[in-house]
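Undergrad: Fold the following.
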Amino acid sequence: MIEFGTGGWRAIIADGFTLANLRLLGQGLANRMQREGVAERGIVIGYDRRFLSRESAWWLAEVMVGNGIPTTVIDRAAPTPMIMFTVRSKNTAYGLAVTASHNPALYNGVKVFTEGGRDADAAVTAELQHEINALTVDDVTSTPAHEISTHPLVTVQKSMNWYIDSILDQVDTETIRHAHLKVILDPMYGVSQTCLQTILMTARCDVEVINSRHDTLFGGQLPSPNFETLHELRQRVRDGDADLGIGTDGDADRLGIVDDLGNYLSANQILVLLYRYLLVDKGWQGPVVRNLATTHLLDRVAEKHGQRAHEVPVGFKHISAAMAEHDAIIGGESSGGLTVRGHIAGKDGVYAASLLVEMLAASKRHLSEHWADIVAEYGSLEMVETAWGFTPGRRSELMAQLFERRELPDFGRPVTSVDYVDGAKVRFEDDAWLVCRFSGTEPVLRIFAEARTGDEAHELVNAMVAFLGLE
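TA: From the prediction side, this is the model:
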């Protein structure tokens with residue numbers, strides 16, 4: 001069975017992620033395109049550096065072409081945001097990215113994009129999932145492998161220049177050029193190096209790259225830019241007297257940042273910094289969109305400047321939709337993805353990093369000073385995130401306890417509201433909150449909490465963990 005989560009379909013290689021399942025996925029999407037009457041508009045297929053990603057992209061192409069669908073294959077490891085950009089720029093009906101993003105190396109998967117390069121919404125993936133799982137191998141029509149690369153319906157794209165140039169056109173490279181910034185880039189063995197290094201060096205930054213080789217095991221660590229995984233980048237920034245360290249996940253749609261002092265800045269902090277920069281320094285007007293597990297410090301920034309923060313469920317498709325609905329200027333999530341008005345309707349670690357470099361160059365101040373300004377002006381909130389594995393039977397028990405009986409512990413403080421739009425979100429006084437939800441990309445229960453201090457946030461998480469018997 002193929003099951004789509006918040007980040008597309010992901011499965012363990014050679015278990016769920018197989019040639020047979022990829023062919024079924026391709027046939028299901030081909031059937032949908034023909035039924036919708038959009039097959040002639042074609043599809044874009046790209047891939048990252050994971051094991052079997054390139055082969056999988058071509059296997060998908062064989063099925064699409066076998067069904068008479070014009071197919072553009074980006075035949076080089078490419079950032080997921082570049083694939084989304086290509087779907088939009090070529091005006092294709094759909095796009096596919098073979099990637100498992102920040103998941104462990106034993107996973108691979110496929111992200112589905114709809115018109116305009118948007119993440120497919122839950123309605124689309126639910127319908128597609130139903131159709132795929134009703135197919136058998138005998139229903140698949142494909143072009144022979146030895147014919148696919150030269151087939152008249154196939155366009156092979158090698159260049160990244162259109163995507164790179166689109167970012168250079170939106171970022172103030174002239175200001176960056178005169179700032180003489182030193183940047184250390186950690187692509188985490190993923191796909192961001194070519195694009196980000198080209199952009200930064202075009203803007204005359206001094207760029208040092210680490211962990212850039214092709215390693216399908218990602219150096220033995222999770223390809224997700226967080227405090228633990230960016231330990232080498234933090235040390236390199238300190239030792240090299242760099243202005244900034246940039247880490248991107250496996251498919252470059254998320255990022256983590258290290259400031260000039262070697263401190264890791266979370267995705268929450270990056271969102272707050274960039275939202276304030278767009279509002280105050282660039283003079284943009286508009287609200288912000290965040291998911292329910294992202295910092296409420298954004299709400300404080302929005303309120304101070306006469307704007308509003310809109311909360312949506314987890315899944316970047318919800319952020320993209322709300323940004324369009326409310327004409328928001330930035331949207332993002334605590335897991336590391338963000339997008340900005342005027343760019344693609346999806347998360348882009350390459351663009352976000354470029355905009356952050358522009359912010360440093362324009363201000364002529366260190367990133368650590370910028371964050372000190374944020375704390376002085378808006379106060380501080382600290383977030384804690386934990387993840388807990390479970391057996392299938394235990395999942396059913398937790399589902400019943402949390403979302404059927406809706407049981408909650410005594411947190412030792414007044415609860416102001418509880419909602420169940422996506423998991424359970426408990427709100428307290430002083431902007432404190434806790435979220436408990438099942439991940440849409442991994443078999444874990446995630447518990448997030450935010451409060452005035454890290455200790456307070458840990459107390460909230462510990463109360464829920466003890467109540468659920470997860471220790």
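Undergrad: can we go C-alpha only for contacts and neighbour counts from here?
TA: Will do.
Undergrad: Quick check: chain neighbours aside, which residue is closest to residue 463?
TA: Nearest residue to residue 463 in three dimensions, chain neighbours excluded: residue 411, at 6.1 Å (CA to CA, 6 or more residues apart in numbering).
Undergrad: residues near that neighbour, how many?
TA: Neighbour count of residue 411, defined by other CA atoms under 10 Å: 16.
Undergrad: what about it, which SS state?
TA: Classification of residue 411 by DSSP: H, G, I helix; E, B strand; the rest coil places it in coil.
Undergrad: residues in contact with it?
TA: By CA atoms under 8 Å, 6 or more residues apart in numbering, the contact set of residue 411 is 460, 463-464.
Undergrad: Next step: the residues you listed restricted to strands.
TA: Using DSSP state E, no member of these falls in strands.
Undergrad: how does the chain divide into domains?
TA: Recorded structural domains for the chain (assignment: automatic domain parsing) are 4-159, 162-378, 382-468.
Undergrad: need those in TSV with mean pLDDT, can you?
TA: Formatted as TSV, the domains of the chain follow (pLDDT from 0 to 100):
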stretch	mean pLDDT
domain 4-159	96
domain 162-378	96
domain 382-468	94
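Undergrad: got the buried residues for stretch 283-296?
TA: Going by neighbour count (16 or more other CA atoms under 10 Å), the buried part of stretch 283-296 is 286-296.
Undergrad: May I see the buried residues of the helix or strand hosting residue 146?
TA: Following DSSP states H and E, one finds residue 146 within helix 145-148. Going by neighbour count (16+ other CA under 10 Å), the buried part of helix 145-148 is residue 148.
Undergrad: list the helices and strands that helix packs on?
TA: Judged by 3 or more CA pairs under 8 Å, 6 or more residues apart in numbering; DSSP states H and E, the packing partners of helix 145-148 are helix 53-66.
Undergrad: from the chain's centre, how far out does the helix it packs on sit?
TA: Remark: helix 53-66 is offset 24 Å from the chain centroid, using CA atoms, centre = their mean, to the nearest Å.
Undergrad: And for the helix or strand following that helix, what's in contact with it?
TA: Once helix 53-66 ends, the next helix or strand along the chain (criterion: DSSP H and E) is strand 71-77. With contact meaning CA under 8 Å, 6+ apart, strand 71-77 is reached by 42-49, 54, 57-58, 61, 64-65, 83, 153-158, 191.
Undergrad: please redo it, this time with the cut-off set to 6 Å
TA: 42-49, 154-158 (CA atoms under 6 Å, 6 or more residues apart in numbering).
Undergrad: Among the residues you listed, which pair sits farthest apart?
TA: Greatest spatial distance in those: 42 and 49, 24.1 Å, computed using CA to CA.
Undergrad: Just the buried ones among the contacts of strand 71-77, please.
TA: Using 16+ other CA under 10 Å, the buried ones in the contacts of strand 71-77 are 42-49, 154-155.
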